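> Got a predicted structure plus its sequence, pasted below:
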Amino acid sequence: MNSKKLDKRLSLIASLVRSGSRMVDVGTDHAHLPVWLVNNGVCPLAIATDIRPAPADKAAQNILAAELGDSIDVRLGDGLSTVNPMEVDDIVIAGMGGETIAEIIKASPWTKDGRYRLILQPMTKPAALHEFLFYNGYTIIKEQTVEDGNRGYLVMAARYDPPAATKQLQHPASIIRGALDINHNLKYLEKQRKRLMNEAGALKRAGHEDKAEKLERLAEELFKSDTVLK
């Protein structure tokens, strides 16, 4: 990968970053995303953070190679601990487990401000991230899936808006489905339905009929036409 082209996962993430925003990329690794965003005029300034020294050093090297040292700052630290709330508008937290992303947001209560946009890409446990967001007042503005190679990725944009989050949570399948549109994410949702039905089958075999029926109903709710955004 180079600064001129992003893979499909990072391209989807980049598409959700607002033009003109100052962004931070948490867990930046090689800083491909902030380099691309600044190089392509999407963001005037960016911060690239990583908890590990080696990736942070590599990010710094890539930024210098792109001659963007005046526009992208590299910081070593955990989550958003090195970021001043007044420095950023859009916050990217990608390539981590859903629970880890939730912990990073939880540790930064200043993100409970509607002016910030959170662009999140959980590698595992997206339902745990959905649950955290909705119950803590963050509404999902947009959510999409993308396939790259043999793997599917889920990317969402969220902001703090408790009334909207409460409304989204009213949908019975919101924790699983988030804000995904049925028509454009059928493959992902079918995979989730199959997982729920397999879990229900295991519960039935163990004699837990009531729990199994709840999961079966949840699987059916995934494909109801009314989206959680309406």
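Right, received. Where do you want to start? Numbering: from 1, shown residues only.
> tell me the SS of residue 24?
For residue 24, the assignment made with DSSP: H, G, I helix; E, B strand; the rest coil gives strand.
> Next, the residue nearest to it when sequence neighbours are not counted: phi, psi?
With sequence-adjacent residues excluded and distances taken as CB to CB, 6 or more residues apart in numbering, residue 24 is closest to residue 47, at 4.2 Å. C-betas here are computed from N, CA, C, even on glycine. Dihedral angles of residue 47 (phi, psi; degrees, to the nearest 10) stand at phi -120, psi 130.
> need the contact list for residue 47.
22-25, 34, 72-75, 82-83, 87-88 (CB atoms under 8 Å, 6 or more residues apart in numbering).
> Among those residues, which one sits closest to residue 127?
residue 25 (24.3 Å; CB to CB).
> How about the closest residue to residue 34 other than its chain neighbours: which residues does it bridge to?
Distances taken as CB to CB, 6+ apart put residue 46 closest to residue 34, at 3.8 Å, once the chain neighbours are dropped. Per DSSP bridges, residues listed as beta-bridge partners of residue 46: residue 23, residue 72.
> Check the gap between the most centrally placed residue in the chain and residue 149 for me.
The centre of the chain sits closest to residue 120, judged by CA atoms, centre = their mean, with a distance of 1.6 Å. Noted for residue 120: a distance of 21 Å to residue 149, by CB to CB, to the nearest Å.
> Using the record's assignment, carve this protein into domains.
8-170, 171-230 (automatic domain parsing).
> can you pull out the helices in the protein?
Using DSSP state H, the helices found in the chain span residues 8-15, 32-39, 53-65, 98-106, 126-135, 162-169, 174-177, 186-205, 209-221.
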